[in-house]
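Participant: Here is my input, please return the structure:
(3 chains)
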Amino acid sequence: MTELAQLLELYEPVIGLEVHVQLATKSKAFSSSATGFGEPPNSLTDPVVLGLPGALPVFNQAVLELALKLGVATGSQIRAKSRFARKHYFYPDQPKNYQITQFDEPLCENGHLDLIVGGTVKRVRLERIHLEEDAGKNTHVGAVSHVDLNRAGVPLCEVVSAPELTSSEEAAEFMRALHRLVRWLEISEGDMEKGHMRCDANVSVRLRGEDRLGTRTELKNINSFRFVQNAIDHEIARQVRLIDGGGRVERETRLWDADLGQSAQMRTKEEANDYRYFPDPDLPMMVVAGPLMGGVLRSLPELPVARFERYQKANKVAADDARTLISERALADYFDAVQKAHPTEESGKTIANWMLTELLGALNAAGKAIADSPMPPETLSDLVVLVENGTISGKIGKEIFAESFKTGEAPAAIVERRGVQQISDEPLLWSIVEKVVAASPKQATDYQGGKDTLFGYFVGQVMKETGGRANPVMTTDLLKKRLGR
Amino acid sequence: MPELPQKEVEEIALLARVHLSAEELADMRSQLGAILEHFGSIAAVDTEGVAPMTHAVPIDLPLREDVPQPSLPPDVALAGTAKRDGDLIVVPAIIPGGE
Amino acid sequence: MTVDPAYWSVADIARRIAAGEVSAVEITEAFLARIGKVDPELGAYLVVDETGARVQAQQVDLMRGANLPLGPLAGVPIALKDMIVTKDVVTTAGSKILEGWVPPYDATVVEKLRAAGAVILGKVNCDEFGMGSSTERSAYKQTKNPWDTTRVPGGSSGGSSAAVAAGLCAASLGTDTGGSIRQPASFCGVVGIKPTYGRVSRYGIVAYASSLDQVGPLAHSVADAALVLQAIAGHDARDSTSLPSAAPDFSAGIAAGVAGLKIGLPKEYFAGEIDADVRTALAAAVAALKDKGAEIVDVSLPHTELALPAYYIVAPAEASSNLARYDGIRYGKRADATDLLSLYSRTRGERFGPEVKRRIMLGTYALRSGYYDAFYKKAQQIRTLIKRDFDEAFEKCDVLLTPTTPTAAYELGAKATPLEMYLGDIFTLACNLAGLPGMSVPCGLTSTGLPVGAQLLGKPLDEATLLRTGAVIEAAVGLGDKRPRGFA
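Facilitator: The predicted structure is shown next:
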């Protein structure tokens, strides 16, 4: 075992994440300037965004609605009255030199996020979800910096987990689960590379079995899903090596550098800003009114993990397939629609199979998303029924699928037109089996003598005779009977 | 009349990003000290169970419809900016990673 | 025919222009000429927008000529305190940090005045960022009191009050955070109103202390002040602290008199060191009200002496936050600096005046973690106690009467220390802390000919009672046709 591996046996990591999610509203949180990405610099500003003298914030209702969706979906306690606060620090991307955020009385507390780890669900507590505004962007160019305020004032949800993640894999899974959820709820695009989701990790280690938490460091600038695991692993290794060498972990903030694959100290606790939080006097208390909440509750779809469990339990879908189905809401919605049109509840396994191999394959080849599938869910259900009730074989089914996908013609109609109904008439098949065996006496003798591979030859001959329509299971049975093995 | 300690005044001046000359610092120590001593009387007032007053006539936060309005053209937005590079604002070098 | 409209009322000017007796251009030119003659000595104006004013006046005349409907203040020349943001007209808040700043937008109150047809003559002087009580803290110039030019006009709206008193505008707008409309109104012998918090939009008002600031009118008479207040009041969607309701008709009940009204005299406002002449003038106002059928009631506001410390914690705290944005990066003047920290610190250190720096330091101190509970939070709790005092007093009376200030205008340079200056605000602060409407109305002169103001404080949203009571005081013991010496 390597020295690091030995250390990792002794120590366990404790990880908490703070994730900033950009909410997909049309205008900004406190200004009616449009939100946007990739627009010409400083083209999305107004007096409020610029922090001009005399400008005042006016809160965007959609921000509350989207945040409430997340709050409800995470089972959080929603504050009927919550408050905005000012957080003060001087920085060129922060036009007022304070950020409007929430401090003492955040919108949501004590929710949870369900992660699928292995095949099981792990529930991670969320300490809080609160609202705040984003800062602009600084770009360093030699001895100066360039400031673009387009992003300043865009609404953010900050999601803070409890320190309950026990590995970098779990942390990565947390990010994926949150990403899936925000896209599911249509509150954010959640693209880390575009900055829609940003992650800070609080990492500490302690001896396995120890109750007390170790000193934690804050890791910033993790801006893609791949880096989440790397950066955290690196920090865990740094901490265990430090402790093992007799040092102590300092309470500090470190910046992840993806190019160098390492972190560097940004500031210590002593240098940490005193943000001088106080309630924003320009913004009265935010009240969550009954009708607004009602609208949010009605608009919520069934959530990913609930579907994950339902697909397995009620629809008999395998765990892996269930997980794939919930990776995207449109996919899960499609599955639900097929299942709804379907005569039985428990064909989930078959339906999932058809969706994940044939349908996704065809969509990929055509460059289409599931939401734009030319084959409606009801049609897929019809096709699956034809296979399930033996009208056509699975093999023929795939051909029918391809044609229906391309032309839009109903599967049953194609079957009729092409006359490819499966032959499951036993006496008829028996007569064909006999004919085929009689026509190939040498092969029959060889097979009976032990050449197993010749069985396929006979199956092929039966298929040739029947234009591929012979019921494969019945064919196998009857051939075995006729050939004696 | 108690003066505020030098270090404390320096820390506050840094937090507030206000540069003070040595003379100003000395003045500030005694003036702030006098003011704070005078106003420190409020510490003794019993405010148990009294809610802080945040707005004179209580109103709820008004909500705005999510309809974007035209932004200022960059030339207008940046008209007051002393240093520009095209439509970007220019400031001296920042320590990477700020906030 | 030359007109001398210097002391015409707002109502008069509007009426005569609407009737075609005089043109808006004539009126505006007369005021511009008078400003040219008088203001070099008085120092009320920072910017006179001659071009803009003429265009606005011409516009009014064109509309009148075409028989188009005119707004209620059509052609009335108004001056705006330089804390009010005006599109394309330099706005500085009396500070060097905004030297030469040309705003790209108008404050809501400016939009409303323009919609009412008013002619905006220019921007008048004030203490830097509203922080001061004498206009000695303006970074640009000292405004003098027209009644005695060796004395202060009051502050922070000293330019607003002096301009009205000296006939350099028909009315003006000021801002009031701790008395900055009422006190200068009192020192300069004009009427000044601070409306209920939220009555007038703060959008486009350079923020000093957000939970205390309000815009209000200064004018020659109660009736004029009501007309100007009417034009600027009302809900504004761009100010989240703006009251949802529309403004009532402020002029409606002005002549209602005071018969049957209960006037409360809070004992804490008549104790302590108050000038004998001020006491005399107030007594005359009380007598006049009694004479007209009001009942005088003694009341108490027990937490009054906490108003000063509460104010000088809340206001600087909010100011330290509101003024954080002044760093010269997006607007305003920038210091030469090669690193970011110096850019911030030097710009602000060099361009903020000493009083502003002092309050920023005080405010930053009060908001630090570890100090927040003992200072800012405590002060906010005390505000609740102060408001409760008023609520209880208003169960016994309809309106409160106090002196606006303990003395009349003092000499320039008289207040040696900041603390001394702060102590002069004792009568006006509580009104802002409680969010109530307040008004100062002239009620006499001292033996040396300096104006004295009586302050009226009302229930939230009850400007009407202030106006009708102020009108009685004005009629009985107001200054009438008396004008500042040398400015007749």
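
Participant: Nearest spatial neighbour of residue A:230, chain-adjacent residues omitted?
Facilitator: Spatial nearest neighbour of residue A:230, chain neighbours left out: residue A:261 (7.0 Å); criterion: C-beta to C-beta, 6 or more residues apart in numbering or on different chains. For the C-beta atoms, the positions are set from N, CA and C on the backbone; glycine is no exception.

Participant: The nearest residue to residue C:255 once chain neighbours are set aside: neighbouring residues, count only.
Facilitator: Excluding the flanking residues, the one nearest residue C:255 by C-beta to C-beta, 6+ apart is residue C:471, at 6.7 Å. Counted with other C-beta atoms under 10 Å in any protein chain shown, residues neighbouring residue C:471 total 23.

Participant: quick revisit: distance-wise, check the residue nearest to residue A:230 relative to chain C.
Facilitator: Residue A:261 sits 28 Å away from chain C, taking C-beta to the nearest C-beta, to the nearest Å as the criterion.

Participant: Please report how far that residue lies from residue A:13.
Facilitator: 18 Å (C-beta to C-beta, to the nearest Å).

Participant: With neighbour numbers in mind, choose between the two.
Facilitator: residue A:13 (24 against 11).

Participant: Helix, strand, or coil at that one?
Facilitator: strand (DSSP: H, G, I helix; E, B strand; the rest coil).

Participant: tell me which residues form a beta bridge with it?
Facilitator: Going by DSSP bridges, residue A:13 is paired in beta bridges with residue A:205.

Participant: Let me see the contact set for it.
Facilitator: Neighbouring residues of residue A:13 by C-beta atoms under 8 Å, 6 or more residues apart in numbering or on different chains: A:166-168, A:203-205, A:232, A:236.

Participant: Helix or strand with the lowest mean pLDDT in chain C?
Facilitator: Using mean pLDDT, DSSP states H and E, the weakest-scoring helix or strand in chain C turns out to be helix C:418-423, at a mean of 83.

Participant: can you check chain A too?
Facilitator: strand A:262-268 (a mean of 78).

Participant: Direction included, what does the helix or strand just after that one pair against?
Facilitator: Next along the chain after strand A:262-268, taking DSSP states H and E as the criterion, comes strand A:278-279. Take DSSP bridges as the rule and strand A:278-279 pairs in its sheet with strand A:85-88 (antiparallel).

Participant: any bit of whatever helix or strand comes next after the strand it pairs with sitting next to chain B?
Facilitator: Per DSSP H and E, the first helix or strand lying C-terminal to strand A:85-88 is strand A:98-101. No. Strand A:98-101 stays clear of chain B (C-beta under 8 Å from any C-beta of the partner chain), getting no nearer than 8.6 Å.

Participant: What lies in contact with strand A:98-101?
Facilitator: Residues beyond strand A:98-101 that count as contacts (C-beta under 8 Å, 6+ apart) turn out to be A:29-30, A:57, A:84-89, A:130-133, A:135, A:158, A:280, A:283, C:321, C:324.

Participant: Which positions in that strand come out as buried?
Facilitator: By 16 or more other C-beta atoms under 10 Å in any protein chain shown, the buried positions in strand A:98-101 come out as A:98-101.

Participant: Tell me the strands beside it, with direction?
Facilitator: For strand A:98-101, pairing defined by DSSP bridges yields strand A:85-88 (antiparallel).

Participant: Run through who's touching the partner strand.
Facilitator: Against strand A:85-88 from outside (C-beta under 8 Å, 6+ apart): A:97-104, A:132, A:273, A:275-280, C:321, C:324, C:367.

Participant: what sits up against the least confident helix or strand of chain A?
Facilitator: A:219-220, A:231, A:234-235, A:238, A:250-257, B:97.

Participant: How about the one residue sitting closest to the centre of chain B, nearest residue that isn't a chain neighbour?
Facilitator: Note on chain B: the residue nearest the mean C-alpha position is residue B:16, at 6.3 Å, using C-alpha atoms, centre = their mean. Closest residue to residue B:16 apart from its sequence neighbours, by C-beta to C-beta, 6+ apart: residue C:364 at 4.4 Å.

Participant: got the CA positions of the host helix or strand of that neighbour in PDB?
Facilitator: Here residue C:364 sits within helix C:354-367, counting by DSSP H and E. Only the C-alpha atoms of helix C:354-367 are listed here, as PDB (Å, rounded to 0.1, in the frame of the first residue of the first chain):
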ATOM      1  CA  PRO C 354     -13.900  65.000   7.000                       C
ATOM      2  CA  GLU C 355     -17.500  64.800   8.300                       C
ATOM      3  CA  VAL C 356     -18.400  62.100   5.700                       C
ATOM      4  CA  LYS C 357     -15.300  60.200   6.600                       C
ATOM      5  CA  ARG C 358     -16.100  60.500  10.300                       C
ATOM      6  CA  ARG C 359     -19.600  59.100   9.700                       C
ATOM      7  CA  ILE C 360     -18.400  56.300   7.500                       C
ATOM      8  CA  MET C 361     -15.900  55.300  10.200                       C
ATOM      9  CA  LEU C 362     -18.600  55.500  12.900                       C
ATOM     10  CA  GLY C 363     -21.000  53.400  10.800                       C
ATOM     11  CA  THR C 364     -18.400  50.800   9.900                       C
ATOM     12  CA  TYR C 365     -17.600  50.500  13.600                       C
ATOM     13  CA  ALA C 366     -21.200  50.000  14.500                       C
ATOM     14  CA  LEU C 367     -21.700  47.200  11.900                       C
END
